[in-house]
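Colleague: I'd like to go over a predicted model; first the sequence, then the structure.
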Amino acid sequence: MKTTNFVPLLTYFASLYTTIHAQSCYYANGTTVERKEFIPCSNDPVRTICCALNRLNPSGSDISKGWPRDTCLDNGVCSNNQMNNGQNVTIYTAVFCTNKDITSPDCLDVCRQTRGGGGGARMTPCDGTPTSKKWCCGDSSSCCTNNIGVVELPDKFVGRAIFSSASASSSSSTPASSPSASTSPPSTLNTTGQSQPASSAPPPPPTSATGLSIGAKAGIAIGAILGVLLLLGILFFVRKALAWKNKAASAASEVEVEASGCANHDSPHYQFQQQQDAVMYRYEAARNGINELSDAKAAKVSELPEAMQMAELPSYSPLEEKKAQGCVGEGGMRGIW
């Protein structure tokens, strides 16, 4: 296999590595920076600092074609060099880092009052160079004159900055952004009088009016769908159970009807009673009554003599016949026919 076949694969993994690192940058308020143009710097000692390095336009290109790439300075500041209306302009910002905690040594924790809800903060060097020792928060260098709110940065980033005053909030510099500002950064004037954006950092991600994140809304939607499916499943099984119950009741009714068919209400009825050890049977005529004799020929009806005793029925009795048909159980008759 040729070595050149590995080039596309290595390119893919390099791009994937860059994407993963771009997702590890955080605003000063701890929320994730969703824009993939901000990735960690690749040079020491600022590998934990995030700048806009993942842009198509190179550093120094015209702003009308889009924002150019940033440059990571060794002191932890992001530098953006661009052409604006024919003028070469450089913007310095304290942007993001790879740690959610802005107070950690991994982050450049400066100019909090000008970050505007967690975004990047504009910084201005007192001597106008990227290696300046003293910096002002905002787009003005006025703090360098009154020495109020001056930020001192070492040549190499060490995770801490030194303020020349107890509080930098009294600085007269103009904030680069504010929480109530629009999503586009405000414009300021540089030393040449040309208008330029105050910061290359985007505003913090917007939140919904309800305060719920996208993940929370997705979880609620999935939970609602699962609840509806569970309810439908319960209704399905209840309906099945009722169908099985009705089917069983119908089958029982059919068995009862078949059992009742053993009793022919139009046939003669037999009754028995047990007296001591003897069983006596009595025959009753059918419910349809006795057929009348024909008028053509009168029949003579004879009566049994009074002295005649009751004769015993044959061993094969109607009771036995009914029992043979399954209408009488082993314990006796089910009823009277």
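Modeller: Done, it's in. Quick caveat, the model's predicted, so the values are computed rather than measured.
Colleague: pull the number of nearby residues for Asn85.
Modeller: 13 (other C-beta atoms under 10 Å). (Glycine included, C-beta is placed from N, CA and C.)
Colleague: now do the phi/psi pair for it.
Modeller: phi 60, psi 40 (degrees, to the nearest 10).
Colleague: so in the chain, which helix runs the longest?
Modeller: Using DSSP state H, we find that the single longest helix of the chain is helix 214-260.
Colleague: average pLDDT across it?
Modeller: Helix 214-260 carries an average pLDDT of 82.
Colleague: what do you get for stretch 142-157?
Modeller: Here stretch 142-157 scores 92 as its mean pLDDT.
Colleague: over to stretch 55-64?
Modeller: In this model, stretch 55-64 has an average pLDDT of 94.
Colleague: can you give me the helices for the protein?
Modeller: Assigned by DSSP H, the chain shows helices spanning 6-22, 143-146, 214-260, 318-324.
Colleague: how about the shortest one as CSV, C-alpha atoms only?
Modeller: Taking C-alpha atoms only, helix 143-146 is exported to CSV below (Å, rounded to 0.1, in the frame of the first residue of the first chain):
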residue,chain,number,x,y,z
CYS,A,143,-6.0,54.6,31.8
CYS,A,144,-2.3,54.7,30.9
THR,A,145,-2.3,58.5,31.8
ASN,A,146,-4.2,58.4,35.1
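Colleague: helices or strands up against it?
Modeller: strand 134-137 (3 or more C-beta pairs under 8 Å, 6 or more residues apart in numbering; DSSP states H and E).
Colleague: how far away is Arg69 from Ile222?
Modeller: Distance, Arg69 to Ile222, by C-beta to C-beta, to the nearest Å: 40 Å.
Colleague: could you list the low-confidence segments of the chain?
Modeller: Within the chain, the set of residues satisfying pLDDT under 70 comprises 1-23, 116-118, 160-216, 254-337.
Colleague: on that earlier part again, packing partners of the longest helix of the chain?
Modeller: By 3+ C-beta pairs under 8 Å, 6+ apart, helix 214-260 packs against no helix or strand.
Colleague: on that earlier part again, out of Arg69 and Ile222, which sits in the more crowded spot?
Modeller: Counted by other C-beta under 10 Å, Arg69 and Ile222 do not tie: Arg69 has more neighbours, with 20 against 10.
Colleague: which non-adjacent residue is nearest that one?
Modeller: Nearest non-adjacent residue to Arg69, counting by C-beta to C-beta, 6 or more residues apart in numbering: Arg55, 4.5 Å away.
Colleague: test my guess that that neighbour contacts Glu37.
Modeller: Yes: assessed by C-beta atoms under 8 Å, Arg55 is found in contact with Glu37 at 5.2 Å.
Colleague: need the residues touching each of those two.
Modeller: Common contacts of Arg55 and Glu37 (C-beta atoms under 8 Å, 6 or more residues apart in numbering): Trp67.
Colleague: ok, Asn81 touching Gln87?
Modeller: No: the pair Asn81 / Gln87 is not scored as a contact, 11.5 Å apart, by C-beta under 8 Å.
Colleague: so for the two, which residue has more residues nearby?
Modeller: Using other C-beta under 10 Å, the more surrounded residue of Asn81 and Gln87 is Asn81, with 17 against 14.
Colleague: neighbours of Thr145, just the number please.
Modeller: 12.
Colleague: Asp109 too?
Modeller: With other C-beta under 10 Å as criterion, Asp109 counts 18.
Colleague: swap in Gly30?
Modeller: Gly30 has 11 neighbouring residues, counting by other C-beta under 10 Å.
Colleague: and if you look at Cys137?
Modeller: Cys137 is flanked by 28 other residues according to other C-beta under 10 Å.
Colleague: so it makes contact with Arg115?
Modeller: No: taking C-beta under 8 Å as the definition, Cys137 is not a contact partner of Arg115, at 9.2 Å.
Colleague: got any residues that touch both of these two?
Modeller: Ala121.
Colleague: hmm, who's touching stretch 230-242?
Modeller: In this structure, no residues lie in contact with stretch 230-242 by C-beta under 8 Å, 6+ apart.
Colleague: and for stretch 66-79?
Modeller: Looking at what lies outside stretch 66-79 - C-beta under 8 Å, 6+ apart - the contacts are 37, 41-43, 45-46, 49, 51-61, 80-82, 90-95, 108, 120, 123, 130-131, 135, 153-157, 200-201.
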